[in-house]
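**Q** coords please:
(2 chains)
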2 protein chains.
Amino acid sequence: MDAPNGSQDTEQTLDSQVKAFFDSAPPLQNRNDIIQKLNHFIQLNSLSSENGIGKRIVCVTSGGTTAPLEQRCVRYVDNFSSGHRGATSTEYFLKAGYAVIFLYRRGSFQPFCRSLPDDPLLECFEATEGLNIQVCEAYSKAVKTAIVDHHAAVDSGLLLKLPFSTIFEYLQMLQIISKPMKDIGPRAMFYLAAAVSDFYVPWKDMVEHKIQSGSHILDVKLVPVPKMLSVLRKDWAPLAFCISFKLETDSNILLNKARGALEKYNMHAVVANELSTRKEQVVVVTIDDKITVQRDKSKADDDVENPLIKLLSQRHSAYIEDSKRMR
Amino acid sequence: MDAPNGSQDTEQTLDSQVKAFFDSAPPLQNRNDIIQKLNHFIQLNSLSSENGIGKRIVCVTSGGTTAPLEQRCVRYVDNFSSGHRGATSTEYFLKAGYAVIFLYRRGSFQPFCRSLPDDPLLECFEATEGLNIQVCEAYSKAVKTAIVDHHAAVDSGLLLKLPFSTIFEYLQMLQIISKPMKDIGPRAMFYLAAAVSDFYVPWKDMVEHKIQSGSHILDVKLVPVPKMLSVLRKDWAPLAFCISFKLETDSNILLNKARGALEKYNMHAVVANELSTRKEQVVVVTIDDKITVQRDKSKADDDVENPLIKLLSQRHSAYIEDSKRMR
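**A** Predicted coordinates for the structure are as follows:
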């Protein structure tokens, strides 16, 4: 059981867990390159706005993180997540006028690419008789959208893509992103749709080489990943508008878990989704209400992310206005 | 410790482990469709040959298998494997005149596609000013090879692709493939390059819903996957030429482990590779010799699979000849 919220003991424990996590994590590759890209992106989008106060910027996290079981990693525990939610939401955030930092799992869905098959290069193209290549008729619209709209977002400086694989990379990158996001205050949003490992093996406890097979039982002991949502809200970017997700396969416990997360991590909203119906409807849980959001079933190509991002964008605007009044 | 090889006790234990594995596995989706495709493929390639005795057919397995931790799977243990070895080997097997059944992990490398970047559709194509799409100059050769050569192999009936994700799917599909492969006797080869889970959670022992997080330690107990290589050699396809792989990160134990696997599973050869040098060299361990195979470093685009498949193809030919004499 967790200790009561906000007690000094809990905070000290969390602080030491967080310190232990980052101290033990293998250093992030390309750290300086990432910082440079981020600063440039946030600076660019803070200047360019019609009303002179800069764009709203959202960090969308997407896909699952891995927890390696060996330092020279052959085996790891992974979380199922296609990244569909994060990729789709990114499209609607761009449409709503946000600049988006897309922090995604390598190989997961990309914005504007979700109508494509698993292996688009091989499945969407064919060779002509003259051995030239061409798009198959059935995919011509999907391929065009993917390439044209995706590149347009990146090239216009509205979409910054940053890939991760392990829980170590993900949390280090989230911390790095929160620094310049802190500077833009309430205009920043975190939309934390990634399926982050709840458990990991601390780097120093990991065996170096591949675990040997045999006739024995493999007993893997994983420790909880420190609750970084608390740290993000409290220290990393206290003014940012924060949305987290709760995914369960058991609908009976879903809303209570979402409500629990809202209070425990002091989120502005928690999006509750059940594995089997997550593309049809979600429930947005805030401190004041529970709003069920559904896709428009009368339109074949509507997404639940369409009304979801509209709602969150409105709430974010209201939050920014509130913040101004409180200054 | 394992019981001594070949003892009746061991065999009974293995048989009961194998039975328990298949009894508990969730039924394979599209089972009948797979069987139909396979029978057609093997029939086609058994007829079409210049010397009238049918083509040699190899089943190349590629990529890693997952072991789910929950029935409605959110978390799973995965094995790192890009599938580069299997995809590259498939190209050289086709070049050597084989028909190839490519049993691969969804999302892993595909034959003729290994010079492409991670996300080929987005990275290899660009939008023109008229909003048409075109291949970027830098990737034009790689894209053409991928699409033209890949489709040529599939369309000519020489390459059959079958995808898997879990250890349950993989082993059920391997068993299905071995049935028609048994019928073609020594002309069949199994080239087992997939990184197969050594441990799994039996389906019936799995929790149904997502494991809850909290402040406790997660203790995952996995049992050994039954050694199906033995069963493949002994029962499923006793005349097929069988190659397995041994990957280690610790070069000190590699050759002994490979030799051990050769004897224990009665393989015709074991390819020993060390994680950090596996694209440069491998050692082919047989009952009579240990042959180090290296890529030709004087050629920028040579692969270690080039001399490896040449060697294995020769050995397979000799094995087929030997089999004829022994009839």
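**Q** okay, now the residue of the stretch 51-200 of chain A at minimum distance from chain B: neighbour count?
**A** The minimum distance from the stretch 51-200 of chain A to chain B, using C-beta to the nearest C-beta, falls at A:Asp198 (3.4 Å). Placement of C-beta: from N, CA and C, glycine included. Burial measure for A:Asp198: 20 neighbouring residues, criterion other C-beta atoms under 10 Å in any protein chain shown.
**Q** before we move on, what about the one 3 residues further on?
**A** The local packing of A:Val201 (other C-beta under 10 Å) involves 21 other residues.
**Q** my guess is it meets A:Pro224, correct?
**A** No: using C-beta atoms under 8 Å, A:Val201 is not in contact with A:Pro224; the gap is 11.5 Å.
**Q** so where's the stretch 201-327 of chain A uncertain?
**A** Along the stretch 201-327 of chain A, segments meeting pLDDT under 70 span A:207-215, A:327.
**Q** which other residues reach stretch A:23-33?
**A** Applying C-beta atoms under 8 Å, 6 or more residues apart in numbering or on different chains, the contact partners of stretch A:23-33 are A:Ile34, A:Phe168, A:Glu169, A:Leu171, A:Gln172, A:Met173, A:Ile176, A:Pro202, A:Trp203, A:Lys204.
**Q** which of those fall in helices?
**A** Among the contacts of stretch A:23-33, the ones falling in helices (DSSP state H) are A:Ile34, A:Phe168, A:Glu169, A:Leu171, A:Gln172, A:Met173, A:Ile176.
**Q** turn the residues you listed into CSV, columns for pLDDT, distance to B:Lys299 and neighbour count.
**A** Output for the ones in helices among the contacts of stretch A:23-33, formatted as CSV (pLDDT from 0 to 100; distance: C-beta to C-beta, whole Å; neighbours: other C-beta atoms under 10 Å in any protein chain shown):
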residue, pLDDT, distance to B:Lys299, neighbour count
A:Ile34, 98, 36, 17
A:Phe168, 95, 38, 24
A:Glu169, 97, 35, 21
A:Leu171, 97, 43, 25
A:Gln172, 97, 40, 20
A:Met173, 98, 39, 21
A:Ile176, 97, 41, 18
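**Q** nearest to A:Ser251, of these?
**A** Comparing those against A:Ser251 with C-beta to C-beta places A:Leu171 closest, at 29.2 Å.
**Q** so A:Leu122 versus B:Gly83, what's the distance?
**A** 14 Å (C-beta to C-beta, to the nearest Å).
**Q** and what of A:Lys204?
**A** Note on A:Lys204: its distance to B:Gly83, by C-beta to C-beta, is 31 Å.
**Q** so which of these two has more stuff around it?
**A** B:Gly83 (26 against 9).
**Q** helix, strand or coil for the spatially most central residue of chain A?
**A** Residue closest to the average C-alpha location in chain A (C-alpha atoms, centre = their mean): A:Thr61, at 1.3 Å. What DSSP: H, G, I helix; E, B strand; the rest coil gives for A:Thr61 is strand.
**Q** give the contact list for it.
**A** A:Gly86, A:Leu103, A:Tyr104, A:Tyr170, A:Leu174, A:Phe190, A:Tyr191, A:Leu192, A:Ala193, A:Ala194, A:Val196.
**Q** just the ones of these in strands?
**A** A:Leu103, A:Tyr104, A:Phe190, A:Tyr191, A:Leu192 (DSSP state E).
**Q** with pLDDT added, can I get these in JSON lines?
**A** Output for these, formatted as JSON lines (pLDDT from 0 to 100):
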{"residue": "A:Leu103", "pLDDT": "98"}
{"residue": "A:Tyr104", "pLDDT": "98"}
{"residue": "A:Phe190", "pLDDT": "98"}
{"residue": "A:Tyr191", "pLDDT": "98"}
{"residue": "A:Leu192", "pLDDT": "98"}
